[in-house]
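Visitor: Build me a model:
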Amino acid sequence: MERKEFRELTSVEDARKLVRNIIIQPSTIVLPIERSTGHITADDLFSGVDVPAFNRSIKDGYAIRAKDSYQASEPEPVRTTKIGSIPAGCADRFFVNDEEAIEISTGAPIPDGSDAVIMVEQTSQEGDTVLMYQPVYIGENIMKAGSDIMKGERVLRKNTRIGSREIGVLASIGMQEVPVKELLVGILSTGDELIEPGKELNIGKIFDANSYAIAAAIEECGGVPKIYGIIPDNEKLMEDALNRAIEECHIVLTSGSTSAGVGDIMYKIIEAKGETLTHGIAIKPGKPVVIGMIDGVPTIGLPGNPTSALSIFNEFVAPIIYNSLGIAPSFKTKVTALMGTGIRSGGREELFPVGVVRGKAYPADKTSGAITTLSDADGIMEIGAETEYIEAGAPVEVTMFGNVRSPDLMFVGGQCPGMDLLEDITGLVFRTLNMGSSSGFTAISAGTTDIAAVNMPDAEGEYNLPIIKKMNLQDIVLIKGYKRDVGLIFRSDTNVSSMDDITDLRMINRNRGSGTRALLDRELESLAQKQGISRKELVKSIEGYKSGSKTHRSVCDSVKSKKADLGFGLRVAAEEAGLGFLPVTEDEFDFMIRKELMEIDEIQVFLKALRSDEFADRLPSGIRTYERTGEIISPF
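Guide: Take a look at the predicted model:
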């Protein structure tokens, strides 16, 4: 396949104009009411009945003629004669004369002759005599037939998204089947490296995230996704799958094989089979985008990277779906936030994912290849091509994702199950970026996090405080956390009895910058001294020392899957994974907080939970509080 370079990139504004002009006529289908949620009404819907269908009581009490109660008072009640009872659902006919009352339940039909219901609380009964202590007016406590919905009244407009409220209305008028729009959107994921979730993940393979993420995004827009599965990087197979999707769907989306690299084929197929409207948009992420038209079917090639694919979908595919269905976006809520830190950009318009915490926007970008970029983001900030730098404190506009609750506190640093427990106890929403202790120190220094979770020892074994002083971090406090058992993690079929065994086995290490890796280095220094060699020599003899796994759980996964023989991490992670654990030492997992935040409610709730008996009692095996838990240290 000849390598192809991008032509001149289409500007973002021109690309938006292009998709605004693509409108597809959806089909109309009839669905049972129980399956219509999330769909869009195809027509105006009218009621064929009055709701309620009869005059009914809205209180438990007595159906009477209102004029009989006009003289009633607490000192001198008016007497009427009870002549019967009407429960809800009763179809019998009754008639009320002067000075008569019929006991009636909420929802029961109003008998002929009566024009009001007096509540049971305003009466008493002595045998068949009902005493009324307050007057009522004509129509009191009665819902007239058709007062909620009249026969022939329009209950839902065309192009209404059906949710729980709409379902309630349709059920109340007895509508069993609902005419809705059907906009079928086909999804083809391409690439030899892809496998379906649930299958064994072999070397060089990745799970197909795009099919499912894009399908969910289509449903959020009101469309109906149709997944065609994974198509290998084979031109004939791709063309066959594309032909099938174009015959069956209103819109076709592909992911992968759209860039100018060797092995990328889809853009060539689209160009050969139809008309290419654009190939390449001047935007980041997602430059390699193909928008074409084949036999009247919009065919759009999305990038293979998950964040790029979803970002481009939201900007350039979602508008086509909304316009074709005749509805407005349900999630385009824009908020103004202040940048929590400076960010550098420039050169190309950018869709920049951010987290929004208490009115401040923080970067949530992990590169376009990381699906967790969007799960860690609350919305997207558009940065113009002419913008080179946005200062901390500058106001920015963020388009929020529809189903996102903004976090209450931002954490950056080490990973620990204790933090999951703290989130449960506080009831707060934590945004947690597990990037290692070094990243925690950097983030708290730059002001890009509320709390840094750290477990970094110095050469003497003192945790965190020496690093704070060395970095000359101002305006922060250190909150002592808890202690954790740390040691060697291995399978039951692996013989491990001491740290000396580390040189005979293949290991999986933690990532650089993590406190656990620094702690291992201290233990290796002691082991080297014991063996009479330098730590550098010892490290050279350890297979896998240079590896770097980002979490304790991923260390356990590597050991369990036999990619490594042993790892170094937490007891709680080893026991959770059903692996063996040899205790070596313990660490101290602490929290750094910016002083300016110490008095806010969220921090106070966090500190209360950290110091609570509930937290101490619920901590898993290998993690424990101690006498210093919750202690506040102000280094300067």
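Visitor: any idea of the pLDDT on the residue nearest to Glu153 when sequence neighbours are not counted?
Guide: In this structure, Glu153 finds its nearest non-sequential neighbour in Ser47, 5.2 Å apart by CB to CB, 6 or more residues apart in numbering. Bear in mind the C-beta positions are built from the backbone N, C-alpha and C, glycine included. According to the per-residue confidence, Ser47 scores 87 in pLDDT.
Visitor: right, and Ser47 touches Ala171 too?
Guide: No - Ser47 is not in contact with Ala171 according to CB atoms under 8 Å; the separation is 11.7 Å.
Visitor: returning to that earlier point: number of nearby residues for the residue nearest to Glu153?
Guide: 22 (other CB atoms under 10 Å).
Visitor: tell me, how many neighbours does the nearest residue to Met132 once chain neighbours are set aside end up with?
Guide: Distances taken as CB to CB, 6+ apart place Ala72 nearest to Met132, at 4.4 Å, with adjacent residues excluded. Residue neighbour count, defined by other CB under 10 Å, stands at 20 for Ala72.
Visitor: how close does Ala66 sit to Gly413?
Guide: Applying CB to CB, to the nearest Å, one obtains 71 Å for the distance of Ala66 from Gly413.
Visitor: The two: which is more packed in?
Guide: Counting neighbours by other CB under 10 Å for Ala66 and for Gly413 shows that Gly413 has the greater number, 33 against 17.
Visitor: wait, isn't the more buried one in contact with Val454?
Guide: Yes - the pair formed by Gly413 and Val454 meets the contact definition of CB under 8 Å, at 5.2 Å.
Visitor: residues shared between the contacts of these two?
Guide: Common contacts of Gly413 and Val454, defined by CB atoms under 8 Å, 6 or more residues apart in numbering, comprise Ser437, Gly440, Phe441.
Visitor: how about the first one, what does it touch?
Guide: If I follow you right, that is Ser437. For Ser437, the set of contacting residues under the criterion of CB under 8 Å, 6+ apart consists of Gly413, Gly414, Ala452, Ala453, Val454, Asn455, Met456, Gly513, Ser514, Gly515, Ala518.
Visitor: ditto for the second one
Guide: With contact taken as CB under 8 Å, 6+ apart, Gly440 is in contact with Val412, Gly413, Gly414, Thr449, Ala452, Ala453, Val454, Met592.
Visitor: let's see 6 Å
Guide: Val412, Gly413, Ala452, Ala453, Val454 (CB atoms under 6 Å, 6 or more residues apart in numbering).
Visitor: Ok, Val117 next?
Guide: Contact partners of Val117, counting by CB under 6 Å, 6+ apart, are Ser57, Lys59, Gly61, Ala63, Asn141, Ile142.
Visitor: picking up where we left off before, let me know the closest of the contacts of Gly440 to Thr278.
Guide: Nearest to Thr278, judged by CB to CB, of these is Val412 at 38.3 Å.
Visitor: unless I'm mixing things up, the closest one is touching Ala443, no?
Guide: Yes - the pair Val412 and Ala443 passes the contact test of CB atoms under 6 Å, sitting 3.9 Å apart.
Visitor: residue ranges with poor pLDDT in the protein?
Guide: 1-7, 257-264, 286, 330-332, 346-347, 365-376, 402-405, 636 (pLDDT under 70).
Visitor: what's downstream of the lengthiest helix in it, the next helix or strand?
Guide: Among the elements of type helix in the chain, defined by DSSP state H, the one spanning the most residues is helix 515-531. Scanning forward in sequence from helix 515-531 by DSSP states H and E, the next helix or strand is helix 535-540.
Visitor: Contacts for that following helix next, please.
Guide: For helix 535-540, the surrounding residues in contact (CB under 6 Å, 6+ apart) are Leu524, Glu525, Ala528, Tyr545.
Visitor: Let's see that with 8 Å instead.
Guide: Thr503, Asp521, Leu524, Glu525, Leu527, Ala528, Gln531, Tyr545.
Visitor: For the first one, give me its contacts.
Guide: Going back to what we said before, that points to Thr503. Leu538, Ser541, Ile542.
Visitor: Against Asp521, how distant is the first one?
Guide: With distances defined as CB to CB, the gap from Leu538 to Asp521 amounts to 10 Å.
Visitor: Can you tell me the SS state at the closest residue to Arg20 other than its chain neighbours?
Guide: On the basis of CB to CB, 6+ apart, the spatially nearest residue to Arg20 that is not a chain neighbour turns out to be Pro319, at 6.4 Å. Classification of Pro319 into helix, strand or coil gives helix, according to DSSP: H, G, I helix; E, B strand; the rest coil.
Visitor: can you offset everything so residue one is 2?
Guide: From this message on, residue numbering opens at 2, which makes the last subject Pro320.
Visitor: is it true that Pro320 touches Val20?
Guide: Yes - with the criterion set as CB under 8 Å, Pro320 and Val20 qualify as a contacting pair; they are 5.2 Å apart.
Visitor: of the two, who's got more company?
Guide: Counted by other CB under 10 Å, Pro320 and Val20 do not tie: Val20 has more neighbours, with 20 against 16.
Visitor: host element of that one?
Guide: In this structure, Val20 sits in helix 13-21 according to DSSP H and E.
Visitor: what helices or strands is that helix leaning on?
Guide: Contact analysis of helix 13-21 by 3 or more CB pairs under 8 Å, 6 or more residues apart in numbering; DSSP states H and E lists strand 276-280, strand 291-295, helix 319-326 as its packing neighbours.
Visitor: Cool, thanks, talk later.
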